[in-house]
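J.: This is a predicted model, with the sequence first.
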Amino acid sequence: MLDLACGSGRHAVYLAGQGYQVDAVDLDLNLSQPVRDTAGVRWLQQDLEQGGWPFESAAYQGLVVVNYLHRPLFPHLIDALASGGVLIYETFALGQERFGRPKNPAYLLLPGELLELARGRLRVLAYEDLTESEPARRLQRLCAIKP
């Protein structure tokens, strides 16, 4: 499993607890310091926006991305999934600027953008484009499988 932009490591820790081997990657691993001794997690400090994509093709059965958007990585995400691998992606969408950060459109998904990411490349299992009230935020969520 790959936890991209892992932040505090909560998803990596959960996945490791379910028996998965997890690569947890982030630009800054300071937030994950309290859970750094979690068995089954390999912590990788990497600047994915400047340092290139270090992961092999078809290397992961699952990939999790939450609260992170760097569109040039989209093709790499799909390439990193093995056949039958699952992509779970959730991040902020246009309209979030009404509720708080992020406000920069570069970090906000356009309507249907995650569906476009999957079109012709992944089979969509679930998709949501919604506004939540607690906490107030605009999101898109995608769960899709690579054929």
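T.: Sure, I can see it. Numbers count the residues shown, from 1 in each chain.
J.: before we move on, which element is the residue lying closest to residue 121 once chain neighbours are set aside in?
T.: Distances taken as Cβ to Cβ, 6 or more residues apart in numbering place residue 78 nearest to residue 121, at 5.2 Å, with adjacent residues excluded. From N, CA and C alone the C-beta is placed, and that goes for glycine too. Assessed by DSSP states H and E, residue 78 sits inside helix 74-80.
J.: For residue 74, see how far away the closest residue to residue 123 other than its chain neighbours is.
T.: The shortest distance from residue 123 to any non-neighbouring residue, by Cβ to Cβ, 6+ apart, is to residue 145 (5.1 Å). Between residue 145 and residue 74 the computed distance is 16 Å (Cβ to Cβ, to the nearest Å).
J.: what does residue 27 give?
T.: 18 Å.
J.: what about those two, which has more around it?
T.: residue 74 (17 against 14; other Cβ atoms under 10 Å).
J.: list the contacts for that one?
T.: residue 117 (Cβ atoms under 8 Å, 6 or more residues apart in numbering).
J.: From residue 39, how far off is the residue nearest the centre of the chain?
T.: Nearest residue to the geometric centre of the chain (Cα atoms, centre = their mean): residue 65, 0.8 Å. Separation of residue 65 from residue 39 (Cβ to Cβ) stands at 23 Å.
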